[in-house]
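Undergrad: Predicted coordinates and the sequence they were generated for:
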Amino acid sequence: VILVSPMPPLLIVLSKVVPYFAISLINFTNVLVIAVFLLDVPVNGNLISLYLVSIIFIFVALALGLLISSVTDRQLVALLMTALGLMMPVVMLSGLMFPIENMPVVLQGIAQIIPAKWYIEAIRDIMIKGLGLVDVLKEISVLSFMAVVLIAASLKKFKIRLE
């Protein structure tokens with residue numbers, strides 16, 4: 001039904017993203033509440049800054065998912081691409097487990113294109129150092145650029161008709 005509707009591809013793509021965006025915001029809020037009230041994780045920075053950076057990262061993650069679903073034609077292929085092609089590099093190269101500065105130069109270069117690396121840097125600055133939005137403007141800019149590029153690529157690869 002969607003394929004024969006007169007809706008432009010942008011509206012179709014956005015309608016796929018909005019429910020997941022809302023669910024992701026609820027999940028982020030739940031994790032933040034549990035971290036602060038049950039685990040006593042300190043939040044030294046502004047909550048609005050924390051939410052803004054998280055909203056941008058959620059948008060990047062959803063845009064990446066849209067791109068994967070636009071490129072692949074089977075759910076299993078998309079699942080394997082995500083699990084093998086994204087999860088391991090993100091865990092290993094984002095700076096979450098291992099400091100990026102201690103990695104070989106080649107891996108440091110690869111880490112620069114991983115959105116989670118920029119998100120983790122911004123969250124550390126906001127939550128631990130108590131910095132504001134101005135101090136994480138670089139990370140916000142990079143994540144915003146990634147979101148625009150991924151959405152543009154998703155729209156370009158979006159198929160309005162079945163093949």
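TA: That came through, no problem. Predicted, not measured: the structure shown is a model, and the values here were computed from it.
Undergrad: Helix or strand with the lowest mean pLDDT in this structure?
TA: helix 75-82 (a mean of 78; mean pLDDT, DSSP states H and E).
Undergrad: Contacts only, for the spatially most central residue of the chain.
TA: By Cα atoms, centre = their mean, the chain has its centre lying nearest to A61, at 2.8 Å. A61 sits next to 24, 115 when contact means Cβ atoms under 8 Å, 6 or more residues apart in numbering. The C-beta positions use only the backbone N, C-alpha and C, and glycine is treated the same way.
Undergrad: pLDDT wise, what is it at?
TA: Here, the pLDDT recorded for A61 equals 90.
Undergrad: and it, how far is that from M81?
TA: Using Cβ to Cβ, to the nearest Å, one gets 14 Å for the distance from A61 to M81.
Undergrad: Tell me which stretches of this protein form helices.
TA: For the chain, the helices defined by DSSP state H occupy 9-33, 47-71, 75-82, 88-93, 105-111, 115-127, 137-157.
Undergrad: Can you mark which positions in the fourth one are buried?
TA: By neighbour count on 16 or more other Cβ atoms under 10 Å, the buried set for helix 88-93 is 89-90, 92-93.
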